[in-house]
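> Dropping the sequence and predicted coords here.
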Amino acid sequence: MGGFGSGRRGGRDVTAHYRRLDVRALHRAGALSTGWRGGWCWYRRGAKVAEINIEASEASIRLRYTATSNGERKDYDYPVMLTRTGCNYGGARPWFLCPCCGRRVAILYGGAAFACRRCYRLAYEVQSETDADRAIRRADAIRARLGWEPGILNGEGGKPKGMHWRTFWRLRAEHERRVAGCFVQLRADMR
Ligand SMILES: [Zn+2]
């Protein structure tokens with residue numbers, strides 16, 4: 001299994017970003033049904049870049065995977081609590097409770113550990129390592145040129161109207177390089 005951090009380069013974890021775990025996608029796939037177990041994979045350009053194992057019980061899902069944290073491979077195994085809210089048309093909409101702060105969210109982001117966007121933002125803010133801040137700022141500068149929403153956890157957007165494809169591909173590649181330089185270390189003990 002590839003797991004997280006399989007694309008390490010220059011001592012930094014290239015794949016620390018972009019692992020979105022969307023509760024709605026899990027729900028659609030039936031992966032929140034009590035007793036469901038299976039793998040959940042992430043792909044990049046057709047290649048599997050990460051996989052986690054999920055086991056669903058009534059009020060939580062159990063996540064199990066191997067990830068690189070501080071340069072060390074580590075096994076993770078912890079529950080993410082679920083909550084449900086009623087819909088207008090009956091039925092219930094599921095939500096995650098962030099394992100870090102307990103907030104109700106639809107999407108968790110996975111570095112070594114999964115947490116909500118806000119927790120990742122806080123992690124940026126408490127980063128004393130200025131390299132990471134600088135890398136994030138530089139990535140955001142490229143994002144601004146591309147007209148993308150600031151914040152590397154927001155994923156990649158499309159080509160702005162009027163921009164040449166060559167310019168777009170060049171900026172996109174540059175963005176990818178800069179994102180690779182942003183290493184966000186969420187405390188591994190936050191679960
Ligand atoms: Zn959180």
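Received it, and whenever you're ready, just let me know what you need.
> Quick check: nearest residue in space to residue 37, chain neighbours excluded?
Nearest non-adjacent residue to residue 37, counting by C-beta to C-beta, 6 or more residues apart in numbering: residue 55, 4.4 Å away. (C-beta placed from N, C-alpha, C; glycine too.)
> what pairs with that neighbour across the strands?
Beta bridges link residue 55 to residue 37, residue 62, judged by DSSP bridges.
> list the contacts for it?
Neighbouring residues of residue 55 by C-beta atoms under 8 Å, 6 or more residues apart in numbering: 36-37, 61-62, 64.
> for those residues, which one is nearest the ion?
residue 61 (16.1 Å; C-beta to the ion).
> pLDDT score for that closest one?
Residue 61 carries a pLDDT value of 96.
> what stretches of this protein score poorly on pLDDT?
1-18, 69-70, 122-133, 180-191 (pLDDT under 70).
> Near the ion, which residues of it? Just list them.
98, 100-101, 115-116, 119 (C-beta under 5 Å from the ion).
> Filter those residues down to just the buried residues.
98, 100, 115-116, 119 (16 or more other C-beta atoms under 10 Å).
> want to throw those into CSV with secondary structure?
Below are these laid out as CSV (DSSP: H, G, I helix; E, B strand; the rest coil):
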residue, secondary structure
98, coil
100, coil
115, strand
116, coil
119, helix
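> Mind putting the residues you listed into TSV with distance to residue 148?
Formatted as TSV, the entries for these read as follows, by distance: C-beta to C-beta, whole Å:
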residue	distance to residue 148
98	24
100	25
115	22
116	20
119	22
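> how about the strands of the protein, start to end?
Using DSSP state E, the strands of the chain run over residues 19-22, 37-44, 47-56, 60-69, 72-86, 92-97, 104-105, 107-110, 114-115.
> chain center to the first one, what's the gap?
Right, strand 19-22. Strand 19-22 sits 5 Å away from the centroid of its parent chain (C-alpha atoms, centre = their mean, to the nearest Å).
> Likewise for the fourth one?
Between the mean C-alpha location of strand 60-69 and the chain-wide mean there is a distance of 13 Å, by C-alpha atoms, centre = their mean.
> cool, the second one as well?
Here strand 37-44 is found 13 Å from its chain centre; the criterion is C-alpha atoms, centre = their mean.
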